[in-house]
Structure formats: C-alpha cells, structure tokens
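Trainee: requesting a structural model of the entry that follows:
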Amino acid sequence: MAAYDRSAELTRNQYNAGIVSRSDVIQAETQRQSLRTQLYDLQQQRAQEENALAALLGVAPVSFSIAATNALPLLPALPAALPSVLIARRPDVVVAERGVAQANALIGVAQTAWLPDLTLSAYGALQDDTFSGLFDAPQRIWSVGPSLALTLFDGGRRRATRDIAVAQYDEQVANYRQTILDSLRDVEDALATMQVLREKAEQQDELLALAEQNESVIANRYRAGMVSFLEVATAQNLTLEARRSRLDITSQQLQAAAELAAAIGGGWDLDDPVIQHMARPEPGE
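Mentor: Okay, here's the model as predicted:
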C-alpha cells in the first residue's frame, strides 16, 4: 500500500508538471484503489479467524481480540532427528495401547473361567449347582482332565469365551499396529512437507529479490520519462504477488509445523522429562 501511495503521488506530481498524461494518473489511482478493496477482504478474513479462536477458547468473540502485527511468528527449530517414541503421546496411540492391555487382561479372565467357580458356605455346603453334575460324572470323564470335563458339561461355553477374548485381543493388536503406522505416516508427511516448503521458500526469496530489482529499474526509467506508468504498475504487481506468495509459503510452513506437533502428540523438545522417561526402557525390557 505504501508503494502504491508513493507511485500515485509521483504520478500526480509528474502530471502537474506536464510530464505524463492524465491516463497515467488514473491508472495509478485505480491500482491503489484496487489494493484498498483487497485490504477490506483481508480485514474481514482476519475478523472471522479471530472469532474462531474466541470460540475455541470458550469466550465471547466481542470480548476477545488479538493485536495486529506486521510479522509472522518465527518458524520453530526442529532437532536433527525425531525419536519414534514421541508418537507414543498421541491420544489415539494411547487409546489403542490401552485397548491391547485391556484385551490381554480379558484373556486372563477368560482363562481363569476354566477353573470351577465354587463357593463353600460356613457349613461346607456347595453354593453353586452349576458344577454339581461334574462330581457325579463317570470316571472316564474325570480321566480326560478337569478342563475338558468342564467344557463337556458347559457345551463349550468356556472355550468359546476364551476364543472370543483371543479374537478381541488380536483385533486390538491389529488396531494398535495400524494406529502406529498411521502415526508414522502423519509424521513423515509433515516432515516431507516442511522440507519441500523450506526449499520452495528459498526459491521464492530469489524470485522476490528479482521482482524488487525489476521494479526499481522500471521506476527509475519512469521517473526519467522513458516508459509509461503501465510498465510501473506491471512491475509493482509482480512484486506484490511475489511477496504474497512468500507469505503464503511461510503460512504453509507454520501450518506444517503445527501438523507435525499434532502428529507426534505435542512438541519435540527432547529435553522434556516426559519424553526422556518414555524413551528410557523399563527394567527387564
């Protein structure tokens, strides 16, 4: 906006001095007014983003505001390597891991059900009639072992219960494995995106530098009366688009950093005591 203001002022001065035509003045004013219109669109977008943040924080949008700034946040510095243990903090990984532990415990419960659940009263009487037939069974039944005998007398219910528990355990293990693979994929995607954007930003910096040099050369030629303001406007628009593209890349880099933080369930500060504890193997492992 400041550059367009200077161009419009310069063109008016040159027009008053009889150096340029009225069309140059109109073109400079049109260019500046067009940018002002776009500025209102950006202000509206910013207000909507601010209201979205207020809703996420659980406060009324009317009482929430963020001071405007001309600088984007600095990109976070990443360590040379990210240990895979970081993803163990992800909520979905924690849920899947606890699911495996629960299923494993259920197998233990199902296996204990193979033993008769008998209760003796204070008088020594059997309180559960479910297994009373076992004691009246022929000797051959007892010879195959109590586990098989119980299975024969309950129609295979205990074996089926154990099979179900094992199947549920296998399901949870498969879910846990897939969750880990998805987590690793998310991390790799974020890292790859950040690497590509880093290289893209370097190329865009070179393009912006060339656009600024071209604009400076065209502006000097315009002041000398060698070219029309059309060439100045074209050069300024190229510079503006290059700056916007560079800001877009920076925004994408910040977004990729946020996605990486989400992919590993938090930050990547390797000095964090929580991370160090998770990376330390338990005794016997």
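Trainee: so how far is the helix ranked longest in the chain off the chain centroid?
Mentor: Ordering each helix of the chain by length in residues (DSSP state H) puts helix 157-223 first. The chain centroid and the centroid of helix 157-223 are separated by 8 Å, computed with Cα atoms, centre = their mean, to the nearest Å.
Trainee: counting by contacts, list what it packs against.
Mentor: Counting contacts by 3 or more Cβ pairs under 8 Å, 6 or more residues apart in numbering; DSSP states H and E, helix 157-223 packs against helix 91-112, helix 146-153, helix 229-263. In this view, the C-beta of every residue, glycine as well, is placed from N, C-alpha and C.
Trainee: including mean pLDDT and mean neighbour count, could these go into a markdown table?
Mentor: Shown next, in a markdown table, are these (pLDDT from 0 to 100; neighbours: other Cβ atoms under 10 Å):
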| stretch | mean pLDDT | mean neighbour count |
| --- | --- | --- |
| helix 91-112 | 80 | 15 |
| helix 146-153 | 50 | 16 |
| helix 229-263 | 91 | 17 |
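Trainee: wait, which of those helices is closest to V173?
Mentor: Taking Cβ to Cβ, helix 91-112 is the member of the helices and strands packed on helix 157-223 nearest to V173, at 5.6 Å.
Trainee: what packs against the closest one?
Mentor: If you count contacts as 3+ Cβ pairs under 8 Å, 6+ apart, helix 91-112 packs onto helix 157-223.
Trainee: one step back: I218 is nearest to which of the helices and strands packed on helix 157-223?
Mentor: In terms of Cβ to Cβ, the element of the helices and strands packed on helix 157-223 nearest to I218 is helix 229-263, at 4.2 Å.
Trainee: just checking, what packs against the closest one?
Mentor: Partner elements for helix 229-263 (3+ Cβ pairs under 8 Å, 6+ apart): helix 2-16, helix 22-57, helix 157-223.
Trainee: okay if I get the ones you listed as a markdown table plus mean neighbour count and mean pLDDT?
Mentor: Output for the helices and strands packed on helix 229-263, formatted as a markdown table (neighbours: other Cβ atoms under 10 Å; pLDDT from 0 to 100):
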| stretch | mean neighbour count | mean pLDDT |
| --- | --- | --- |
| helix 2-16 | 16 | 90 |
| helix 22-57 | 13 | 93 |
| helix 157-223 | 15 | 88 |
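Trainee: redo those as TSV? Include distance to I87.
Mentor: Formatted as TSV, the helices and strands packed on helix 229-263 follow (distance: least, Cβ to Cβ, whole Å):
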stretch	distance to I87
helix 2-16	46
helix 22-57	24
helix 157-223	4
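Trainee: which one, of those, ends up nearest to L86?
Mentor: L86 lies closest, by Cβ to Cβ, to one member of these: helix 157-223, at 8.0 Å.
Trainee: relative to helix 91-112, how tilted is the closest one?
Mentor: For helix 157-223 against helix 91-112, the angle by axes from the mean of the first three to the mean of the last three Cα atoms, to 10 degrees is 170 degrees.
Trainee: now the angle from helix 157-223 to helix 22-57?
Mentor: Angle, helix 157-223 to helix 22-57, by the same axes, to 10 degrees: 160 degrees.
Trainee: can you put the helices and strands packed on helix 157-223 in JSON lines and add distance to E29?
Mentor: Listed next are the helices and strands packed on helix 157-223 as JSON lines, based on distance: least, Cβ to Cβ, whole Å:
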{"stretch": "helix 91-112", "distance to E29": "55"}
{"stretch": "helix 146-153", "distance to E29": "93"}
{"stretch": "helix 229-263", "distance to E29": "10"}
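Trainee: outline the domain layout of the protein.
Mentor: 1-70, 86-172 (automatic domain parsing).
Trainee: how far does the longest one stretch from one end to the other?
Mentor: What that stands for is domain 86-172. For domain 86-172, the first and last residues are 21 Å from each other (Cα to Cα, to the nearest Å).
Trainee: right, and the secondary structure at I66 would be what?
Mentor: Three-state assignment for I66 (DSSP: H, G, I helix; E, B strand; the rest coil): coil.
Trainee: my bad, V59
Mentor: State at V59, reduced to three classes by three-state DSSP: coil.
Trainee: before we move on, back to that, and R6, which of the helices and strands packed on helix 157-223 is closest to it?
Mentor: When the helices and strands packed on helix 157-223 are compared by Cβ to Cβ, helix 229-263 sits nearest R6, at 10.0 Å.
Trainee: I am finished for the moment; much appreciated.
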